[in-house]
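> build me a structure from this.
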Amino acid sequence: MDAQLKNAKPDLESAKEKFSLREDALERSNTVTQNELDGILKGFDKLTRNFMDFDIERQNLEKQINCLQNRCKELENELADERVKHIGLDSNNNEPATTITLRKEFRKVVAGLKNEQQKK
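From the prediction side, this is the model:
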């Protein structure tokens, strides 16, 4: 039995050394993999933050666009109201105009509306 133990001892030492080498290689591989995953996670966090920032900026710009569109509509309505108020007034003396001048102005308004619709 003593002889068997002596014969098994070098095999055990060899197996221990192989196991240690393999363990060291796996630990190095684990460290490299962990570093790669950390880099990927940092990149993902950065992308997520950028996405969130861009989304907030997009929402703010959409709000601004909506406000400007509403203001534009309000101004167009005011302009139309002012045009209607001034239909029929002669530009020289602010007196009521004749039917002929009213027709001319009406035609101008209709032509302007057609042009606006064609542009859209």
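> mind listing what's buried in the lowest-mean-pLDDT helix or strand in the chain?
Every helix and strand of the chain was ranked by mean pLDDT, DSSP states H and E. The lowest is helix 99-119, at a mean of 82. For helix 99-119, burial by neighbour count (16 or more other CB atoms under 10 Å) applies to Glu105. Using the backbone N, CA and C atoms, a C-beta is placed for each residue, glycine as well.
> which strands and helices sit next to the strand or helix carrying Asp38?
Using DSSP states H and E, Asp38 sits in helix 2-86. Where contact means 3 or more CB pairs under 8 Å, 6 or more residues apart in numbering; DSSP states H and E, helix 2-86 is not packed against any helix or strand.
> what angle sits between that helix and helix 99-119?
Going by axes from the mean of the first three to the mean of the last three CA atoms, to 10 degrees, helix 2-86 is angled at 170 degrees with respect to helix 99-119.
> and Gly39, how far from Leu68?
Gly39 sits 43 Å away from Leu68, going by CB to CB, to the nearest Å.
> and the helix holding Asp38, what's its mean pLDDT?
Per-residue pLDDT over helix 2-86 has a mean of 92.
> and Met1, what is it in contact with?
Under the criterion of CB atoms under 8 Å, 6 or more residues apart in numbering, the contact list for Met1 is empty.
> Asn7 versus that one, what's the distance?
Counting by CB to CB, the gap from Met1 to Asn7 is 11 Å.
> between these two, which contacts overlap?
Joint contacts of Met1 and Asn7 (CB under 8 Å, 6+ apart) do not exist.
> from Lys73, how far off is Asn35?
Asn35 is 57 Å from Lys73, by CB to CB.
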